[in-house]
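Asker: Model the structure of this input:
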Amino acid sequence: MAVVKPFRAIRPVKDKAPFVASRSYEEYSNDELRSVLQYNPFSFLHIINPGFKFNQSVKGAERFKLVHNRYLEFLENGVFLKDEAPSFYLYQIGKETFKSLGLFCATSVADYEQDVIKKHEDTILKREQLFADYLETVGFNAEPVLMTYPDNKGIASILQNEMQKPAEYDFTTPDKISHRLWKISDEHTIADLQGAFKAIECLYIADGHHRSASSTLYAQRKRAGQKKHAESAPYDFFMSYLIPESEIKIYEFNRMVKDLNGLSKKEYLIRLDEFFRIEKRDDDLYRPTKKHHFSMYLDGEFYSLYLRKKVYRFTDALSKLDTQILYKTILEPILGVHDLRNDKRIAYGYGKYNLIKMKDSIDQGDFKVGFSLVPITTEEIKNIADAGLVMPPKSTYIEPKLRSGLTIYEL
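Answerer: Numbering: from 1, shown residues only. Alright, predicted model coming up:
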């Protein structure tokens, strides 16, 4: 049974919302980031890049303190307001290819600890600790964890009814993505939604494994420091955005490796032949078409690689995953890439035109060989999470990518 809770959001006043909402700052080029900070005084980027005010870079504990100060300034200057009643926040984000309709809410640390909220990625302890330190200092959570749940007619009906009401926010950002948000503060509707979610056995993290792990670590620290602990304290929850499974979009990450690990092209292809039936596709932009089928680009030519299923053994959900198959049959044993997260010889790419970018990078000599895969499915993610297994890094690129600053959860 999944616990979802309304909360009193800190959020932009209506006329400032289009200017406050920002993408993750890692998505901005240096020039774009500088331009937004210079010409948009309301951008949430000012809060998470507080050194801009002083024309200097700040890091660590000093940055965390300044983030808190910029946040207070946005409140003091009337850019942000705090809702009077605990609410759910219905949010639709859309672009030409698809739309997602979901719910901003507070989800339970206890559910995370008890595996009601399920994970499919490993987290790095150092990053968990750093973000827990960040939460301790800044006192708020502005980036929701993206979670998914099985499509549910009861929940969908409630949300569709709320969509008929006037939206609190309705705007389109320069990247042609539309944003609409409704505040749900009616007590009966809140109770109906909470009751409907009681029928949801599990929530699955789609994006935000480090954020949820760090929020849990922060809550554990707070509990440890108190003689008496109230189970409904704000830190016992973290902000999430919940959408049905049918409304997430999963893309693949391609892999590129800088060399053939000391092998000649002939030696390398002979090694591949153990696990794959290899067919040359010349210079056409060739994409794989089904599971356990890979596209490879090497020396100006595309190849299709078909897994020899009588040679490769499927033992569990992880062994059936294409990213794991590629790792276990090529990347690790042949190309010598053991640490997928930190090895400098491997790089990853995603996106609509990434096959072309991969080909160009290899043609220019930046990499020697590249691999393209079909996207992982939602069902595969669930199977991995249900089995308590972990996907290889960069197995999925998941949309929607949410904006920061539209709703903020105070700790």
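Asker: the helices in the protein, which residues?
Answerer: Secondary structure of the chain, counting by DSSP state H: helices at 17-20, 30-39, 45-48, 60-76, 109-113, 125-138, 153-163, 187-197, 209-224, 265-272, 322-326, 354-363, 378-386.
Asker: domains in this protein, as residue ranges please.
Answerer: 4-249+399-410, 253-395 (automatic domain parsing).
Asker: can you put the ones you listed in TSV and add mean pLDDT?
Answerer: Listed next are the domains of the chain as TSV, based on pLDDT from 0 to 100:
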stretch	mean pLDDT
domain 4-249+399-410	94
domain 253-395	94
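Asker: and these as TSV, adding mean neighbour count?
Answerer: C-beta here means a position set from N, CA and C on the backbone, and glycine is covered the same way. Compiled in TSV, the domains of the chain are given as follows (neighbours: other C-beta atoms under 10 Å):
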stretch	mean neighbour count
domain 4-249+399-410	17
domain 253-395	16
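Asker: before we move on, the earlier item: of the helices of the chain, which is nearest K310?
Answerer: helix 322-326 (14.2 Å; C-beta to C-beta).
Asker: contacts for that closest one?
Answerer: 253, 255, 291-292, 294, 307, 312, 318-319, 371, 373-374, 376, 391-392, 394-395 (C-beta atoms under 8 Å, 6 or more residues apart in numbering).
Asker: Inside strands: which ones of those?
Answerer: 255, 294, 307, 371 (DSSP state E).
Asker: For the first one, give the beta-bridge partners.
Answerer: Spelled out, that is R255. Y348, F371 (DSSP bridges).
Asker: List the residues that contact it.
Answerer: Counted by C-beta under 8 Å, 6+ apart, R255 has contacts 326, 331, 346-348, 370-371, 373, 394.
Asker: hmm, try it at 10 Å
Answerer: 294, 296, 323, 326-327, 330-331, 335, 337, 340, 346-349, 358, 367, 369-373, 392, 394 (C-beta atoms under 10 Å, 6 or more residues apart in numbering).
Asker: What of S22?
Answerer: 28, 33, 36, 40, 42-49, 142, 173, 403-406.
Asker: cutoff 6 Å now
Answerer: 43-45, 404-405 (C-beta atoms under 6 Å, 6 or more residues apart in numbering).
Asker: Name the nearest residue to it, ignoring sequence neighbours.
Answerer: F44 (4.4 Å; C-beta to C-beta, 6 or more residues apart in numbering).
Asker: again with H292
Answerer: Nearest to H292 is L307, by C-beta to C-beta, 6+ apart, at 4.1 Å.
Asker: likewise P392?
Answerer: T323 (4.6 Å).
Asker: F88 now?
Answerer: I184 (4.2 Å).
Asker: again with A110
Answerer: Closest to A110 by C-beta to C-beta, 6+ apart is D236, at 6.9 Å.
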